[in-house]
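J.: build me a structure from this.
(2 chains)
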Amino acid sequence: MERDQVILKLENLTMQFGGLVAVKDFLMDIRAGELVGLIGPNGAGKTTIFNMITGHYKPTAGRVIFDGRDITGLPPHQIARLGIARTFQNIRLCKEMTALENVLISFHPRLRSSLFGALLPVFGYGREEREMREKALGLLEAVGLAKWADFRAGGLPYGLQRRVEIARALATTPRVLLLDEPAAGMNPQEARDLMGFTLTIRETFGLTIFLIEHVMQVVMGICPRIRVIDFGISIAEGTPEEIRSNSKVIEAYLGEEARRV
Amino acid sequence: MFPIFTLPRSEADTRMSGNLRVWCNRGLTALVLAGLATFIFFGDRHKDEFSLIWRILNLGAIYAIAAVGYTVINGMTGQFSLGPHGFMLIGGYLATLLILPLAKKRFVWILEPLIEPFASFTLPYSGFILALLGSGVVAVLAGLIVGIPALRGLRGDYLAIATFGFGEILFMLVVNLPSLTNGAMGVTGVPTYTNLAWSWGFLIALAYAAMRLKNSSYGRALRAIREDELAAESMGINVFRLKLLAFLFSAFCAGVSGGLMVALIGIAYPGLFSFFTTFYLLLIVVLGGLGSISGAIVGGFIFAAVFEALRFIDTAVVPGMRMVVFAIILILVMLFFRRGLFGQGEFSWDGLIAAVQRGLGRLSGAGGGHGAGSSHLKA
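T.: The predicted structure follows:
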């Protein structure tokens, strides 16, 4: 896809849980190759927006258009197969499996061998398994995790677990990557590494990245465009400088008093 | 507390390198299979001389077959099903209908005649394999009927309850469909075709398939579902389809196991496989290690042996006392031995060799009169 073409179009996304409106009329166009940040105070509805995009929630109203196709309400595994991958706020690795196996999971949907091919030794499944392992190792190498391949994922340090999770998302060969608070719980050094890492994978894999982040240093540091929501409603959008000086944003984060003073 | 036969890969790798080790292991496996074939051949020939042992070896294999399937859905995939006895019941009755001699069929169904086509044909001994495969296939069909609605919407306790309900429904069906099952009276005189060749043959084949499944991309996806369903589906894995796959595999194993059982004991009746059967299987897979194929097999044989060995309790103390003993064993396993014999791992030659070496090291360390501290030092 050409750069600058709209790849992900969110049309009036609304999510209502009973009487609570978590997200209201969220409207956004994300262009191919962009790196967009989504910020807002706790409970603003950021993760809800991700969940609507990935199919974990079915929006009460509105549409998700991915690459010209309406994907609203498709089940998560189909949306993942179409090319939208995500990571989770609280890392969701398969902890008892190795880092390599975690990445290999993402190759399963594109497995060519049938079930019987895998069950019987005569259909050349072994070769495909070896190919997958090589590819997975290559991917781990690309994200600097090669030496951790055979370690239990749950036993890795926090920052590395994040990377494994991102590697696992990359293994689905996504075009759009949704990162949900990747810097949460990281120390400043890890957060700086993550910034560089995010920019690198965007270049290497030609990704469009949509990023939720609480750590301002990260989001202001790498996202040319930032959207701010509060109580499910968009309140501002712009460059980091514009966001920093936007009175509504300051109000949302610090309360109305802060603006008067 | 820890699985005894499994080794972290890195430790095993240093022992012998690459291809040599693989071929060594294959050789050992081939040797064992040849030994087993010989044993089965002579075991079946001399079954009358060792009838109790022969029976236990058959029962062990039959339990192991069902347990291998059960550990795939319960252990590997982490979906708590309580329905295997239902599939065993279906398999058992189908095998009965397929292999019961025509004369018997006319005799047994007195209240209502047996329906066609079963009333007019029967399979000879050489068709026993078809009867067993049929048992598995019919169990798979039943698995589709219960699995599609149950696995689409339910997990955890709710899935357990739904599958439990399925087992009870089947029991009622068997009692109330006399033209197919002869109702509560059951069927006697089923030819006892089951022998070591059949039971062990199917066990080896199904365990092999289960091992390949576990080590394949499918098995990885199943384990991913157990660990984090949400993450698995976010990586593009069709969670429902894979759960159904595991469920149907377990249904097939249970169906075959039921067929073998009926052809071992020669009768089929509605209570033959009750919820207790599922409880036994649960005991077996937990004892062996949830998710471990080797564990399910070893557990099946241990169970069969202990079950027979404890028969005296039922006769000497109170009938049904054996169940109490088994319940206590299950509680103890859960308390002190939660990961079971194998954990989630599998038997491997490397693991066995390492375990033997450790054992020998400990023995020589103790026997040589060294201090306790020296035993862990490598020679």
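
J.: what sits against residue 71?
T.: With no chain named, the answer covers chain A. A:Gly55, A:Val64, A:Ile65, A:Gln78, A:Ile79, A:Leu82, A:Ile84 (CB atoms under 8 Å, 6 or more residues apart in numbering or on different chains). All C-beta atoms are positioned from the backbone trio N, CA, C, and that covers glycine.

J.: let me rephrase: I mean chain B.
T.: Neighbours of B:Thr71 in contact, by CB under 8 Å, 6+ apart: B:Ala210, B:Val285, B:Gly288, B:Leu290, B:Gly291, B:Ser292, B:Ile293, B:Gly295, B:Ala296.

J.: of all those, which two lie farthest apart?
T.: For those, with distances taken as CB to CB, the pair at the greatest spread is B:Ala210 and B:Leu290 (13.7 Å).

J.: who touches stretch A:102-115?
T.: By CB under 8 Å, 6+ apart, stretch A:102-115 touches A:77, A:80-81, A:93-94, A:97, A:123-125, A:128, A:132-133, A:135-136, A:139-140, A:153, A:164-165, A:167-169, A:171-172, B:216-218, B:220-221, B:224, B:232, B:235-238, B:245.

J.: and the residues you listed, which of them are buried?
T.: A:77, A:80-81, A:93-94, A:97, A:125, A:128, A:132-133, A:136, A:139-140, A:153, A:164-165, A:167-169, A:171-172, B:216-218, B:220-221, B:224, B:232, B:235-238, B:245 (16 or more other CB atoms under 10 Å in any protein chain shown).

J.: give me the subset of these lying in helices.
T.: Members of these lying in helices (criterion: DSSP state H): A:77, A:80-81, A:125, A:128, A:132-133, A:136, A:139-140, A:164-165, A:167-169, B:217-218, B:220-221, B:224, B:232, B:245.

J.: contact residues of chain A facing chain B?
T.: A:54, A:56, A:75-78, A:80-81, A:85-86, A:88, A:92-97, A:101-102, A:104-109, A:111, A:113, A:115, A:118-121, A:125, A:129, A:132, A:150, A:168-169, A:171-172 (CB under 8 Å from any CB of the partner chain).

J.: show the buried residues in the residues you listed.
T.: A:54, A:56, A:75-77, A:80-81, A:85-86, A:88, A:92-94, A:97, A:101-102, A:104-109, A:111, A:113, A:118-119, A:125, A:129, A:132, A:168-169, A:171-172.

J.: give the contact list for residue 156.
T.: No chain in the question, so chain A it is. A:Ala99, A:Trp148, A:Val164.

J.: I was after chain B.
T.: B:Phe80.

J.: tell me the one of the contacts of B:Thr71 nearest chain A?
T.: The closest of the contacts of B:Thr71 to chain A turns out to be B:Ala210 (CB to the nearest CB; 8.9 Å).

J.: for the strand or helix carrying that closest one, what is the average pLDDT?
T.: Counting by DSSP states H and E, the element that carries B:Ala210 is helix B:196-215. For helix B:196-215, the mean pLDDT works out to 94.

J.: quick check: buried residues in it?
T.: Buried, per 16+ other CB under 10 Å, within helix B:196-215: B:196, B:198-204, B:206-207, B:209-214.

J.: ok, stretch B:314-329 next?
T.: Under 16+ other CB under 10 Å, the buried positions of stretch B:314-329 are B:Arg322, B:Phe326, B:Ile329.

J.: same list (those residues) but as a markdown table, adding secondary structure and distance to A:Glu242.
T.: Formatted as a markdown table, those follow (DSSP: H, G, I helix; E, B strand; the rest coil; distance: CB to CB, whole Å):
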| residue | secondary structure | distance to A:Glu242 |
| --- | --- | --- |
| B:Arg322 | helix | 77 |
| B:Phe326 | helix | 71 |
| B:Ile329 | helix | 69 |
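
J.: now pLDDT too, for the residues you listed, in CSV please.
T.: As requested, the buried residues of stretch B:314-329 are arranged in CSV below (pLDDT from 0 to 100):
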residue, pLDDT
B:Arg322, 82
B:Phe326, 80
B:Ile329, 81
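
J.: name the nearest of the residues you listed relative to chain A.
T.: Nearest member of the buried residues of stretch B:314-329 to chain A, counting by CB to the nearest CB, is B:Ile329, at 26.1 Å.
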